[in-house]
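Pasted the sequence and its predicted model underneath.
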Amino acid sequence: MARIVSAEILMVDLEPKVKRTDAIQSFESQETPIVRIVDSDGAEGVGYAYTIGQGGPAVMSLLRDTMVPRLIGREAEDIGRIWRDLLFATHATAVGAITSLALAAIDTALWDLRCRKAGLPLFRMLGGAKDSVPMYTTEGGWLHISTEDLVADALAAQAKGFAGSKIKIGRPHLSEDRERLRAVRAAVGSGYEIMVDANQSMSRAEATRRARMLEEFDIAWFEEPMPADDVMEHAGLAASTSVPIAVGESMYSLSQFKDYLVTGGASIVQVDVARIGGITPWMKVAHLAEAHNVPVCPHFLMELHVSLVCAIPNAPWLEYIPQLDGLTRTQMKVSDGRAYPSTAPGLGIDWDWDAIDAARIDGLTAKFG
């Protein structure tokens, strides 16, 4: 066993490659906290999290002042114990996004360290259920995009082998969403999946109206129609429509997913490895979903999620939204619309430290040990 002897935290801010808008927000930036951990054998692990927009400095403050100092001297292999200890050290701020994002940056670094020392890629360390996964794309489906461009992007993705496209909905009137979806469905045909995402923008009444409309187009899932903490309303909606209801990107604990699954409020679980607090709780949610015969289709972070979805049997999709191209030397392998996890030991993310050093935000770097 090797103890943690040093750690470093830093943050970069990534500007989205394309304009990204949905029914409630526009993605202005992507603040990305990064944690590097070194053990007494000299092995290193790197982890990260993210925010959409602001909030990154709050995550960094929690890492700097409360969490990371507690790592020094700990056994690096005690990942589950460290996760629980840090959760209860910050119990007054849990459950919530800031604590979960800080936990995730540490937890993913510890799993990276474990896999590197074992000489195994993450997807094999965690189960190795499959070697690749189909993708659907979100990058061409944002709410501001014209109907003509939605169609063009979906056709381009279909030609590349993608099996689906996500379209943002929540235009001021239902008829606008209907016309956009009708055009895409007519272009791609019946064998191509269309997912829709309302980003928590609707009331129960409006979500019911839109769900009825979505049934016309054989929609694969209706994502976050209402505020994500309203379990019972989602359960009621799910019982009233044939369209599968997808939730999970805005939930921060295993118990929240349990409530959705036992009430039937989630037909698709979209657990996000950063927002749930790391790989340790992500795997628990995935197994819980499997026990309920519910698929896992995670939100965002494709460069990390590709390994997680290939580790488990109940993950049929990976969402295509590139995040880390500017910070890595090589990108995630994609071929004929499928994503392939790295076979290199660790998380499989090939960090470019020169690019990271050039992009790090002044005043938010700290070293320990």
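All right, it came through fine. Numbering: from 1, shown residues only.

list the contacts for T108?
Applying C-beta atoms under 8 Å, 6 or more residues apart in numbering, we find T108 in contact with 35, 46-49, 273, 278-279, 304, 347. In short, each C-beta sits where N, CA and C put it, glycine included.

What is the neighbour count of M1?
Residues within reach of M1, counting by other C-beta atoms under 10 Å, total 9.

Bridge partners for the residue nearest to it when sequence neighbours are not counted, pull those for me.
What sits nearest to M1 in space, not counting adjacent residues and going by C-beta to C-beta, 6 or more residues apart in numbering, is E75, at 5.1 Å. Beta-bridge partners of E75, counted by DSSP bridges, are R3.

G53 too?
Taking DSSP bridges, one obtains Q30 as the residues bridged to G53.

and it, how many residues sit next to it?
Using other C-beta under 10 Å, G53 has 12 neighbouring residues.

returning to what we had before: possible to save the contacts of T108 as TSV with neighbour count and secondary structure?
Supplementary listing: the contacts of T108 in TSV, determined by neighbours: other C-beta atoms under 10 Å; DSSP: H, G, I helix; E, B strand; the rest coil:
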residue	neighbour count	secondary structure
V35	26	strand
V46	21	strand
G47	27	strand
Y48	29	strand
A49	30	coil
V273	29	coil
G278	27	coil
I279	27	helix
L304	28	helix
L347	29	coil
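
from those, which single one is nearest L87?
Comparing these against L87 with C-beta to C-beta places G278 closest, at 10.3 Å.

pLDDT value on the closest one, please?
In this prediction, G278 carries a pLDDT score of 98.

Give me the spatial nearest neighbour of it, chain neighbours excluded.
D107 (2.6 Å).

Same check on R209?
For R209, ignoring the flanking residues on the chain, the nearest one in space by C-beta to C-beta, 6+ apart is L174 at 6.0 Å.

Run through the residues that contact that neighbour.
For L174, the contacting residues are 209-210, 213, by C-beta under 8 Å, 6+ apart.

So what's the residue count around E319?
23.

SS state for it?
Look at E319: counting by DSSP: H, G, I helix; E, B strand; the rest coil, its state is strand.

Pretty sure it sits against T138.
Yes - with the criterion set as C-beta atoms under 8 Å, E319 and T138 qualify as a contacting pair; they are 5.8 Å apart.

what mean pLDDT does whichever helix in the chain runs longest have?
Looking only at the chain and at elements set by DSSP state H, the helix with the highest residue count is helix 97-118. Helix 97-118 carries an average pLDDT of 98.

do the same with stretch 181-193
If you average the pLDDT over stretch 181-193, you get 98.

For that stretch, report the contacting residues that lie outside it.
Applying C-beta under 8 Å, 6+ apart, the external contacts of stretch 181-193 come out as 136, 147, 150-151, 154-155, 158, 163-165, 167, 169, 194, 196, 214, 216-220.

now stretch 171-182: how far from the chain's centre is it?
Averaging C-alpha positions (C-alpha atoms, centre = their mean, to the nearest Å) puts stretch 171-182 27 Å from its chain's average.

What score does the nearest residue to H299 once chain neighbours are set aside have for pLDDT?
Distances taken as C-beta to C-beta, 6+ apart place E249 nearest to H299, at 3.5 Å, with adjacent residues excluded. Here, the pLDDT recorded for E249 equals 96.

Fine by me, we can end here.
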